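Enquirer: Pasting the sequence and the predicted coordinates here, then a few questions.
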Amino acid sequence: MKAVAIVTGMCLVFVFVWERVDVVRLGYSIERLKTQKTLLERERDQLQVKFSALTAPERIARVATDKLGLMPPQQGQVFIVHPQPDRPLLATPPAEQLRIARTMFPVGGAK
Amino acid sequence: MGPSRGRRYILLHLLLAGFGVILFRLVSLQVLQAAELTARADRQHQKSVTMEGARGTVTDRHGKVFAMNVEVPSIFGVPTSLDSPANAARSLSPVLHIRREEIEKKLRQDRHFVWLARKVEPEQGRRLEQLSIDGIGMVMEGRRFYPKGPLLAHVLGFVGMDGVGLEGLERRYESQLHGEKRLTILQRDALGRTVFPKDLREQVPATGQALTLTIDEVIQYIAEKELEEAVDHARAKSGTIIVMEPRTGAVLAMAVSPRFDPNAVASLTADRWRNRALTDTYEPGSTMKVVVAAAALEERVMMPGSMLFGENGRMTIANTTIHDHEKLGWMTFAQMIQKSSNIGAAKTGMLVGDQRLYRYLQAFGFGQRTDIDLPGEVSGLLKAPREWGRRSLASISMGQEVGVTPLQMITAVSAIANDGVLMKPYVVAEVRDQKGQRMKEILPQVKRRVVSPATAHTLTTIMEGVVSSGTGTKAAIPGFRVAGKTGTAQKVDPRTGTYSSALSIGSFVGFVPADAPRLTIIVVIDEPQGEAWGGVVAAPVFRRVGEQVLTYLGVPRDDQVKIAMAAR
C-alpha cells in the first residue's frame, strides 16, 4: 500500500514537472511561430505596397507610351459593347457589333 | 543532569535557534519584503511593451490601395556600449546615407540611447544587420506608404513621424484610422528571450479601420494628368479639377496642381499641400450666371424666350461701367446665358431682386461649407444684402463681389443636373474594421431642393446651348450632349487693391450627358498666361477629361445607341 502511494506520488510529481516543461517548450514554439507570422505579414505588406506602386495608372501609362510605343485611342476608335445578358444594350451578337464598328469607324480615326 | 544530557540540551537549543533564524528570514522574505521582492522578480522576468496595431488602409472605390502601413526598421545607438564611435559612424554612413560626422556626433553623446535614423527602407535594415555593430540596434516601426506617389495627395493628406494624421483624410479620419494601443506583458527567460505573454488570452492590438473612398483611381489619374498638362500649357499658377456624380454627390476625382508626394513632405510648405479645391476662394465670374438664371426661371422673372437689350456692350450702374466682351443688342434670355452677357446678367439679377437672389445663393450652398468630409474647408464669401453697395446686385449677378470654392460651384451645378436637388458632397464611402466587416456605410445625403425639376430641365437646355453655340464650344464632346458654363474672372491685384488686367481665373463647369447626367466636372485654371478666357483655357480640359472618363465608364455615345436601336 505504502509502495503504491509512493509510486503514485512520484507519478504526480513527474506529470507536474513534465507539464511545466511542456508549457515552457510550447511558449518558445508559440513565440517562434508568432515571429514567423510577423515576418510573413511584413513581407506581404511590402509586396502589397510594391504591387500598388507598380499598378499605378501613371506608371502603366508611362510604360505603355515610352516602352511599348502605345498611344491612347483617338476619337471614334473606341466602340463600347455590352455583352452582359442582363444588360442587353445592344441586341446584336458581338460579330455583328464589330462589323458595324469597323464600318462606322475604320482603324486610323473617325469618319 | 549528566554531561550527555547537557550536550543534547545545547544541541536542541542550537537547532531551535537555527530554525528560528530560518523562520525569521522566511517571514522577512515572504511577508515583510514580499511586495518589493515580487516587484523585483517581475522586473527581471517580465517585459512590458506597448504594442500598436497598424494604421488602417485607404483604398479607392475598387479596392486599389492609396495608403497603407508597413513595418520598417528604425536605427538607434547606445553610445555607452560603443567601443569606437568613429568606426561605427564610418560603417553606418553609407548605409544610412547620413554624413559620417553627423552620426559620430550623436554617438559621442553621453547618453544611453540616441536615434540615428527613423523609419528607413527595409533594405537598409538588412544591410545594417549584416554589419552587426555592437551598440547599434534597430526596432520595427510602422511607416505610412503612399504607393501611388502624388496621386490624390491633396485629398489623402499625410501623417507625421509619430504616425498621427496631419492633413487631409489622414487628419479627418484619425480616430478611425489609427491602430489600437495596448500594453502587453511578456515573460522572459534567463537569456532574455520572450517565452509567452503573461496572459495567454492577450489579444493582438486591433488594426485601425480601413476607408473605402468614392474616388476612382483611373478617373483621378485622368483628371490629374489633364490638369498638369493644362497648367503647364497655360503657364498658370495653379489649377483644380473636380469630377462628381451629380445624383449622389460622390466625388470621383479631386485634382489640384501643383502636386506633391505625400511620401516626402518634410521639405514642403503648407502652400504646396493645401487642398485648393476647398480651401481657396475665387470670384467665379460668369459661371455664377447659372445660379442667377435658376433664380430668374424659378421665380418666373424670365422665360427662355424673354427679351433683354444688351446696351451695345456698355452700361453704367452706380457711376461705374459694365462691359460685355462683344457689342450685344436684343437677345433672348437663353442667348444671354449662351453669350455670357454681363449686362444681361446684371439686368436679370436686378429683376430678381437682392433678397431673393441672396436666398437662392444661400440655397445653392454659397457662403457656407458644403460639409464634405475633408478638413480645412472654408465657407467662401457671401455678404448679406444689408452690406451690399449700389452696384453689388449687378456685380454678384455676373460673379463678382462673391467668393466661392471650386467645390461649392460644382456642388451647385450638380443640383441643376440632379433635377434641382442639392446633394452633400463626400469622399468616404465605407469604413471597415480589420476583418473587412463594414462598420459604416456613407449613403448619399440630400441637402435640399433648390429649384423645381422643370426649372432644372429648362436651364439644362440653355446650358447645352452654351456648349453647342455659345462661349463653351470647346467643351463639346462628340457623341454626347454637354451642358455647361464658362467663367472668366479678373483677380484683385494685391498691390493696387483693384481688378487686375493681367491676373485672372478661367473656369468651366458642366455635366454630361445632359439628358441623363453621369458626371459633373469643374475645371479652374488660376492665373493663366496669354488668353485667359474660360472657354479657351478650361473648356478644352473639360472635354478631354469628360471624353476619357465617359469611355472608361462605358457610357455609350448617342450615335452608338442609335446604331444599337437600329440593329434590333
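Expert: Everything's here; your move.
Enquirer: contacts, neighbours, all on C-alpha from now
Expert: Noted.
Enquirer: where does chain A have low pLDDT?
Expert: For chain A, residues meeting the criterion pLDDT under 70 lie at A:75, A:82-111.
Enquirer: What residues does it have near chain B?
Expert: Residues of chain A lying close to chain B by Cα under 8 Å from any Cα of the partner chain are A:24, A:27-28, A:30-31, A:42, A:45-46, A:49-50, A:52-53, A:56-58, A:78-80, A:89-92.
Enquirer: Centre-most residue in chain A?
Expert: Taking Cα atoms, centre = their mean as the criterion, residue A:48 is the residue nearest the geometric centre of chain A, at 8.2 Å.
Enquirer: In three-state terms, how would it be classified?
Expert: Following DSSP: H, G, I helix; E, B strand; the rest coil, the label given to residue A:48 is helix.
Enquirer: Which parts of the stretch 151-300 of chain B are strands?
Expert: B:181-188, B:194-197, B:210-213, B:238-244, B:251-257 (DSSP state E, counting those that start in this stretch).
Enquirer: circling back: just the ones of the residues of chain A next to chain B in helices?
Expert: Using DSSP state H, the subset of those located in helices is A:24, A:27-28, A:30-31, A:42, A:45-46, A:49-50, A:52-53, A:57-58.
Enquirer: Quick check: residue B:130 vs chain A, distance?
Expert: 18 Å (Cα to the nearest Cα, to the nearest Å).
Enquirer: In chain B, where's the longest helix?
Expert: Assignment by DSSP H gives helix B:3-27 as the longest helix of chain B.
Enquirer: following that one, which helix or strand comes up?
Expert: Counting by DSSP states H and E, the element after helix B:3-27 in chain order, helix or strand, is helix B:34-45.
Enquirer: Is that next one in proximity to chain A?
Expert: No: contact of helix B:34-45 with chain A (Cα under 8 Å from any Cα) is absent, the minimum separation being 13.4 Å.
Enquirer: which parts of that helix are buried?
Expert: When burial is assessed from 16 or more other Cα atoms under 10 Å in any protein chain shown, helix B:34-45 yields the following buried residues: residue B:45.
Enquirer: Rounded mean pLDDT for that helix, please.
Expert: Taken as a whole, helix B:34-45 has an average pLDDT of 81.
Enquirer: swap in stretch B:554-563?
Expert: 76.
Enquirer: what's the burial count for residue B:260?
Expert: Other residues within reach of residue B:260, judged by other Cα atoms under 10 Å in any protein chain shown, total 20.
Enquirer: number of nearby residues for the closest residue to it other than its chain neighbours?
Expert: Leaving aside its sequence neighbours, residue B:260 sits nearest to residue B:150 (Cα to Cα, 6 or more residues apart in numbering or on different chains; 5.3 Å). Neighbours of residue B:150 under the rule other Cα under 10 Å: 18.
Enquirer: now residue B:150: how far from residue B:428?
Expert: Using Cα to Cα, to the nearest Å, residue B:150 is found at 19 Å from residue B:428.
Enquirer: same question, residue B:44
Expert: Counting by Cα to Cα - residue B:44 and residue B:428 are separated by 48 Å.
Enquirer: Assign the residue of the stretch 351-500 of chain B found nearest chain A to helix, strand or coil.
Expert: Using Cα to the nearest Cα, residue B:478 is the residue of the stretch 351-500 of chain B that sits closest to chain A, at 8.2 Å. Recorded secondary structure, residue B:478: coil (three-state DSSP).
Enquirer: mind checking how far it is from residue B:421?
Expert: For residue B:478, the distance to residue B:421 - Cα to Cα - is 28 Å.
Enquirer: Look at those two and report which has more neighbours.
Expert: residue B:421 (23 against 14).
Enquirer: burial count for the residue nearest to that one when sequence neighbours are not counted?
Expert: Leaving aside its chain neighbours, residue B:421 sits nearest to residue B:449 (4.3 Å; criterion: Cα to Cα, 6+ apart). By other Cα under 10 Å, 16 other residues sit near residue B:449.
Enquirer: Between the strands of the stretch 151-300 of chain B, which one is closest to residue B:287.
Expert: Evaluated over the strands of the stretch 151-300 of chain B, closeness to residue B:287 peaks at strand B:238-244, with 14.9 Å, by Cα to Cα.
Enquirer: contact partners of that closest one?
Expert: Outside strand B:238-244, the residues that touch it by Cα atoms under 8 Å, 6 or more residues apart in numbering or on different chains are B:223-224, B:227, B:231, B:250-258, B:276-277, B:406-407, B:410, B:414, B:519-527.
Enquirer: Can you give the strand pairings for that strand, parallel or anti for each?
Expert: Strand pairing for strand B:238-244, using DSSP bridges, gives strand B:251-257 (antiparallel), strand B:519-526 (antiparallel).
Enquirer: what's the distance between the residue nearest to residue A:71 when sequence neighbours are not counted and residue B:233?
Expert: Among residues not flanking residue A:71 along the chain, residue A:65 sits closest, at 5.8 Å (Cα to Cα, 6+ apart). Separation of residue A:65 from residue B:233 (Cα to Cα): 20 Å.
Enquirer: So residue B:456 sits against residue B:295, correct?
Expert: No: the criterion here is Cα atoms under 8 Å, and residue B:456 misses it with residue B:295 at 10.5 Å.
Enquirer: Of these two, which one has the most company?
Expert: residue B:295 (26 against 23).
Enquirer: got a list of what that one touches?
Expert: Contacts of residue B:295 (Cα under 8 Å, 6+ apart): B:352, B:356-357, B:360, B:451.
Enquirer: Can you verify the residue nearest to residue A:71 is assigned to a strand?
Expert: No: counting by three-state DSSP, residue A:65 is not part of a strand but helix.
Enquirer: Verify the stated contact: it with residue A:73.
Expert: No: Residue A:65 is not in contact with residue A:73 according to Cα under 8 Å; the separation is 11.9 Å.
Enquirer: Can you get me a residue count around the closest residue to residue B:213 other than its chain neighbours?
Expert: If the residues on either side of it in the chain are set aside, residue B:213 comes closest to residue B:428, at 4.3 Å by Cα to Cα, 6+ apart. Residue B:428 has 25 neighbours, counted by other Cα under 10 Å.
Enquirer: Equivalent analysis for residue A:78, please.
Expert: 14.
Enquirer: do you know how far residue A:24 is from residue B:508?
Expert: 71 Å.
Enquirer: Give me the more crowded residue out of the two.
Expert: Ranked by neighbour count (other Cα under 10 Å), residue A:24 and residue B:508 place residue B:508 first, with 31 against 14.
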